[in-house]
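**Student:** compute the structure for the input listed below.
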Amino acid sequence: MLSLFISTLALAADSPNVLLICVDDLRPELRSFGADYIHSPNIDELASQGRAFRHHFVQAPTCGASRYTLLTGLYGPPGNGALFQRAGRVQANPGSITPSMPAWFRQHGYTTVSVGKVSHHPGGRGGSDWNSKESIEMPNSWDRHLLPAGDWQHPRGWMHGLAHGEIRKNAREMDVLQASPGGDEIYPDGISIDEALTQMSSLSQGDKPFFLAVGILRPHLPFGAPRKYHDLYAQTELPPTPHPQKPDGRTTWHGSGEFMKYNRWGRNPNADADFAIDVRKAYAGCVSYADAQVGKLLARLDQLGERENTIIVLWGDHGWHLGEHAIWGKHALFEESLHSPLIISFPEMKHPGKQTHSMVETLDIFPTLCDLAGLDTPGQLDGVSLVHVLENPSAAGHTAIGYSGRARTIRTQSHRLILHRDGYAELYDHSSSAGETKNVAGENATLVAELSKQLKQRLGEE
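**Tutor:** The predicted structure follows:
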């Protein structure tokens, strides 16, 4: 047994590192993904060196459930407590649970470190302030799971923090938009990225490959970032918002409760065009702030001489509506909630910078990283390796599944079906300019039945 363990470590010593960058609430609002008014030079450079997946979809339009699928490669519960639910099962019967992605790499000789918001709770702990040593979100997964809270007092305060240590108590008393003058460190991401850079430097001196996951908070609400990033958009003319009206009929529409509970100075972006522009520019400023943090990570990787032995994944945990369907947030099953950026880069990849329109899912990241790192893949995973798309950007993808507490969805190249728990169906034709505003289920019963069957089969419901 000992000799086998030593052999595994010897193999791991020649294995590539992994840098996983998770960006919260990041829709494909990036220049490299077609939003030419966005200042995102660091992410765009990464896309030019790797493979940008223009049709990547998450499994759930909420942080916890989406991160569950990233970190386990499995379909899971639809809520933010998904990983804590899994933790309970791990503690009750550890041998029956498929290892998480970081646990799998750890078992194969990697040092695994998480900094910032990688699982749902920054730092990976529960309790009233998310800092209880008795409540671990991902047991047996990380050698170090870190969140320096700084002036924000604790991980819960950091998660909903604004400048200079302001934490959320009553959300109605916290501004939904903020642009304070100062350096990156005056907002929460500044201090967590500094910790990530310290960890990267330390890991590069180790005798084992590393799996470093870094969670960037912005552009999560509230939309606060140093003023210099907001100033980038002071004179920017934004394109019109497509389909800004609340949809007719029954849908998974919601009233943007997470956004609306903050102090908005009595303004509603659905009724106030100027405020809608202010919100969209504030989101853009937060994207540029997040992009700057990505730049720091990549620069340090280069300084350490580790870029040529590191697989880099940049992933948005879900999309975010900026007024489409009169929604300001996520939590729906429309395209804007489920569509997010994915970039994978690794040394000597074929056709670097060539984008792909092949449809893929977050579930696919775990088996893909196993393939790229030369590891076996746990047999129970629900996703598939994307190595064939990394080798050939024109290779075929597959349909994408998503779900919330009240409905499930399947996205094909041409249509999206949303199937409610009681059987009610929404079907949208993406080849039509109407997109996800006209439910065509009534005139396409055969297609609804076919996609419903595929959806249920994928989720193991029949």
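
**Student:** touching, residue 430 and residue 417? I think so.
**Tutor:** No: checked against Cβ atoms under 8 Å, the pair residue 430 and residue 417 is beyond contact range at 11.3 Å. No exception for glycine: its C-beta is placed from N, CA and C like everyone else's.

**Student:** these two: which is more packed in?
**Tutor:** Relative neighbour count places residue 417 above the other of residue 430 and residue 417, with 26 against 15, counting by other Cβ atoms under 10 Å.

**Student:** show the pLDDT at residue 95.
**Tutor:** According to the predicted model, the pLDDT of residue 95 comes to 83.

**Student:** once you drop chain neighbours, what's closest to residue 209?
**Tutor:** residue 15 (4.5 Å; Cβ to Cβ, 6 or more residues apart in numbering).

**Student:** list the buried residues of the strand or helix carrying residue 286.
**Tutor:** In the assignment (DSSP states H and E), residue 286 maps to helix 273-303. For helix 273-303, burial by neighbour count (16 or more other Cβ atoms under 10 Å) applies to 275-298, 300-301.

**Student:** then stretch 219-237 to PDB, C-alphas only?
**Tutor:** Extracted in PDB, the C-alpha atoms of stretch 219-237 (Å, rounded to 0.1, in the frame of the first residue of the first chain):
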ATOM      1  CA  PRO A 219     -19.700  41.300 -10.200                       C
ATOM      2  CA  HIS A 220     -22.000  39.900  -7.500                       C
ATOM      3  CA  LEU A 221     -24.400  42.400  -5.800                       C
ATOM      4  CA  PRO A 222     -24.100  45.000  -4.600                       C
ATOM      5  CA  PHE A 223     -22.400  46.500  -7.600                       C
ATOM      6  CA  GLY A 224     -19.400  48.200  -5.800                       C
ATOM      7  CA  ALA A 225     -15.900  48.600  -7.200                       C
ATOM      8  CA  PRO A 226     -13.200  51.200  -7.100                       C
ATOM      9  CA  ARG A 227     -14.200  54.400  -9.000                       C
ATOM     10  CA  LYS A 228     -11.400  54.000 -11.600                       C
ATOM     11  CA  TYR A 229     -13.300  50.900 -13.000                       C
ATOM     12  CA  HIS A 230     -16.600  52.700 -13.200                       C
ATOM     13  CA  ASP A 231     -14.900  55.700 -14.900                       C
ATOM     14  CA  LEU A 232     -14.000  53.500 -17.800                       C
ATOM     15  CA  TYR A 233     -17.700  53.600 -18.800                       C
ATOM     16  CA  ALA A 234     -18.500  57.300 -18.100                       C
ATOM     17  CA  GLN A 235     -18.800  58.100 -21.800                       C
ATOM     18  CA  THR A 236     -19.800  54.700 -23.100                       C
ATOM     19  CA  GLU A 237     -23.000  54.400 -25.100                       C
END
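
**Student:** tell me which stretches of this structure form helices.
**Tutor:** Assignment of helices within the chain using DSSP state H yields the ranges 2-12, 41-49, 63-72, 82-92, 101-107, 155-159, 188-204, 227-230, 257-260, 273-303, 335-338, 365-373, 387-391, 445-458.

**Student:** residue contacts, residue 174?
**Tutor:** The neighbours of residue 174, taking Cβ atoms under 8 Å, 6 or more residues apart in numbering as the test, are 160, 162, 166, 168, 222, 262, 263.

**Student:** name only those of these that count as buried.
**Tutor:** The neighbour-count criterion (16+ other Cβ under 10 Å) marks 160, 162, 166, 168, 222, 262 among these as buried.

**Student:** quick one: contacts for the last one?
**Tutor:** By Cβ under 8 Å, 6+ apart, the contact set of residue 262 is 171, 172, 174, 175, 176, 221, 222.
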